[in-house]
Each structure stands twice: as C-alpha cells, then as structure tokens.
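1. okay, predicted coordinates and the sequence, questions at the end:
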Amino acid sequence: MPQLNENFLKLEKNYLFINIAKKIKAFKEVNPSADIIRMGIGDVTLPIAPVVIEAMKKGCDEMGVKETFKGYEDSGAGYDFLREAVSGYYKSFGADVPASEIRINDGAKSDCGNIVDIFGNDNTILVTDPAYPVYVDSNLMSGRKIIYADSNEENGFAAMPDHSVHADIIYLCSPNNPTGSVYTRSQLKEWIDYAKKNDAVIIYDSAYEAFITDPDVPRSIYCIEGAREVAIEMCSLSKTAGFTGMRCGYTVVPEALKFRASDGTEVSVAQLWGRRQGSKFNGVSYPVQCAAAAVFTDEGLKQIHENIAYYQENARIIAGTMTKLGVKFTGGVNSPYIWFKCPNDMKSWDFFDLMLEKIAVVGTPGAGFGKNGEGWFRLTAFGDRQRTIEAMARFEKLAAELK
Ligand code: PLP
C-alpha cells in the first residue's frame, strides 16, 4: 500500500470556491427562478482583445505549415520574443528586468505553488493573513511551518514585518487578493530590508499590477532598490489581459538572488528554478505565447486598457456604494477587489448566506482567506456593468433593512 502524503489531510477539505459553488447549487434548487448576481470568483468576463486573438490565430496557422511548425521550445523558459516583450513592459514602469531572468509559465498559480520545490522543508514561511490560499496550501502540503503577519483594520490590511520574528520565505501580494490593499514604495522597502536582515527570500505576487493607478504604488517589487537580491516575482496575464482561460504568466528570478547550500557553496536560485522547471514543465503552447506577446505591443496595451478601465469603473461603483452607506472597506482603487466589513459585526459566512438569501448576490466570505478575514467580505469588479449596478442597488436595500 502506498504511504500517503498526510500533509494533505491538514488542508481545508474543499478549496474555498467549491464550498461557495455548493451553497449556490443548494440555493438554486430551492429558488430556481432567482436572478443570482455572481461577484465571488475573481474571474474576468470581457473577451480577449482583438489584436491578441489575431496573433494567436497567426500562431496557429504557423503550426500548420512545415516550415514554421514548432515542437518543444528549446530553452523551456519561453520564446525570446515574449521574454523580450515582458522585459520591455517592466521597463515601461521603471523596473529593470532583463529577458534572461524571465521564465514564461501557464499562469501564476502553478509557479506560486511549485516554487516551494526548490526550498527545504525546514524553512519558516511567513504569509500575510488574509491571503490568496495557494501560499498556505502549497506549504502545508509539504509540511512546512507557517507563521502569519496580521493584515487587519488597524494597518489597512497591509501587514508589515515584525522585526523580532524570523522568517526564511515571505509571501507578499500587492495589489492584494483578497483585500485590495497595496504596498507603497516605503512599505516595500521595509520588507526588503527585513528580508536582507533575515537572509530570507520574498515571493512577490504582482498578478494585479495592471490595476494600479497611484504613482506611489510600485507595479513591481523591482521598482524598489535592493529587491533584486531578495525577491522572486510572479505575474500573470490572467487579470491583465483576460488570460484566465488562455493560461500564460511569467516568473522573474534575478541572477543576483543567491543563497548558500549546507556545505557552504553559493547556489543561484535561478539555476535551481530552471532545473526544476526543466524536469517538470514543458512550456506554454506557441500560439498562446504569440498571443501573450501581442498584449505588450502598443495596440495590445491600448486594447487591454479598455477592458481594465471597464473593471476599474465597476470597482469605483462598488466602492462608491460602500462610501455612501458608511461601510468600512479597502481596495476598489488600484485593485479590482472591494474588501468590506460585514454589517452589524456579522461573521463572513453568515453574511454570505444572508446576501444570497435576501438579494441573490454572491460574494466571497473573508474567513475563507484566513483568520483575519473573519467578519469581512470580498466583492469583485470583474462582472458586467449593469449587473454590478443592479447588485449595488440590491445591496443598498439590504443595508437599509439591516439598520
Ligand atoms: N495570484 C493571485 C493573487 C491571484 O488572485 C490569482 C488568481 O486569482 C493568481 C495568482 C493566479 O492566476 P493565474 O494562475 O490565472 O495566473
């Protein structure tokens, strides 16, 4: 009989969104005609930009011709044309990231989960709480010790380091999922200094960087001095360009990132990560990489920004409703998420049930993202404009009833 990895038994039985789906299904069985508005899962809804689709079609056509057909990509890190395009994109917002340090992947979730392979199991992992569940789950699966930095109402859901506590691997996400909060330059600098002092590595998730509008909020950790020696960054085209169903992202491991093995030799993290990917990942399809490269052309950027602006306007509408009702919230600017305090000190899942029952609006209970999420709730701005307006009208009615 095979021995199981019993660390999996320590995980929540179901991924958060499976529990939500079950509740919706049960509600629909009892209320088949209910007009449910879904503002739970952070998935995009607008179609992919035409210039991106054209590039993908062209890539497909090339696959059907002997002279331009592509099999495995040699380096396994992604085509140079895409790595160069990503490097140019970084440069446009002040981050110096050479193409050689970028590896293309099938979206940020895989690398967020897989990066733990190259680090030993005795590391202490620091996760800000609440957090995107993958950081916690992937480390629980390998039995690592996790400590938490509290993101809460007092610090505007932007946890800062506790200098009396040591960590080896630190997960940061800005703009944050689920709280919509962001780190400013000076806050990120403090995390970088903490990482240096502790000889730690930061795993920085910038999946929502495209939603940043505030000039004091960096789009990449590499906009901050010293980050190259301590940080790995993961980003994705999922939210930037509607690639949730296409699957393409990128991870940056700077050459300067080096740690010592137990025998004292210096080891390049990029080399280790490249070795891991070489063994376990065979790259992203050529047509998808063609599509991804089109995102970073002038026309591509113009077209994706039309979609981003649409979601930003939805976020503004949701945030406006919260402000009008005097509900405490973070996010809504620099982020497609609005994270608000449940009325009357209700618990997150109780408020989920109430919203579903009374106004047929689905959101995500904050408690699903960690202990500090209890009593808070996440709505996404990725939906349809009219449905967002309708949801907010229903929310106002519910808020009036709860007074
Ligand atoms: N990181 C964060 C913070 C996310 O919220 C998500 C998706 O919702 C991802 C990473 C993963 O995105 P993908 O795998 O689609 O690139």
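-> Everything's here; your move.
2. residue 28 is in contact with residue 34, isn't it?
-> Yes - with contacts counted by Cβ atoms under 8 Å, residue 28 reaches residue 34, the gap being 6.7 Å. To be clear about C-beta, it is placed using only N, CA and C from the backbone, and glycine gets the same treatment.
3. now do stretch 115-129, average pLDDT.
-> Stretch 115-129 carries an average pLDDT of 97.
4. any buried residues in that stretch, and which?
-> Neighbour counts over stretch 115-129 (16 or more other Cβ atoms under 10 Å) mark 115, 116, 118, 119, 123, 124, 125, 126, 127, 128, 129 as buried.
5. same question, stretch 249-269
-> By 16+ other Cβ under 10 Å, the buried positions in stretch 249-269 come out as 249, 250, 251, 252, 253, 254, 257, 269.
6. how deep is residue 16 tucked in, by neighbour count?
-> 17 (other Cβ atoms under 10 Å).
7. same question for residue 345.
-> 8.
8. out of everything not next to it in sequence, what's closest to it?
-> residue 375 (6.6 Å; Cβ to Cβ, 6 or more residues apart in numbering).
9. same deal with residue 42?
-> That would be residue 380: by Cβ to Cβ, 6+ apart, it lies 4.9 Å from residue 42.
10. please identify which of the buried residues of stretch 115-129 is nearest to residue 4.
-> residue 116 (18.6 Å; Cβ to Cβ).
11. from residue 115, how far off is the nearest residue to that closest one once chain neighbours are set aside?
-> Excluding the flanking residues, the one nearest residue 116 by Cβ to Cβ, 6+ apart is residue 138, at 5.2 Å. Applying Cβ to Cβ, to the nearest Å, the value for residue 138 to residue 115 is 8 Å.
12. output the helix or strand harbouring residue 187 as PDB, restricted to C-alpha atoms.
-> Here residue 187 sits within helix 185-197, counting by DSSP states H and E. Extracted C-alpha coordinates of helix 185-197, given in PDB (Å, rounded to 0.1, in the frame of the first residue of the first chain):
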ATOM      1  CA  ARG A 185       7.400  52.100  -2.000                       C
ATOM      2  CA  SER A 186       8.500  52.800   1.500                       C
ATOM      3  CA  GLN A 187       6.500  49.800   2.900                       C
ATOM      4  CA  LEU A 188       8.000  47.500   0.300                       C
ATOM      5  CA  LYS A 189      11.500  48.900   1.100                       C
ATOM      6  CA  GLU A 190      10.900  47.900   4.800                       C
ATOM      7  CA  TRP A 191      10.000  44.300   3.700                       C
ATOM      8  CA  ILE A 192      13.100  44.200   1.500                       C
ATOM      9  CA  ASP A 193      15.300  45.400   4.400                       C
ATOM     10  CA  TYR A 194      13.600  42.800   6.700                       C
ATOM     11  CA  ALA A 195      14.400  40.000   4.100                       C
ATOM     12  CA  LYS A 196      18.000  41.100   3.900                       C
ATOM     13  CA  LYS A 197      18.400  41.200   7.600                       C
END
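13. which of the residues in that helix are buried?
-> Neighbour-count burial for helix 185-197 [16+ other Cβ under 10 Å]: 187, 188, 189, 190, 191, 192, 194, 195.
14. then stretch 6-23?
-> Those would be 16, 19, 20, 23, for stretch 6-23 by 16+ other Cβ under 10 Å.
15. how about it and the ligand, any contact?
-> No - judged by Cβ under 6 Å from any ligand atom, stretch 6-23 stays clear of the ligand, getting no closer than 10.0 Å.
16. centre of the chain to that stretch, how far?
-> 19 Å (Cα atoms, centre = their mean, to the nearest Å).
17. what's in contact with that stretch?
-> Residues outside stretch 6-23 that contact it (Cβ atoms under 8 Å, 6 or more residues apart in numbering): 40-41, 133, 137, 140-143, 352-353, 356, 362, 364, 368-369.
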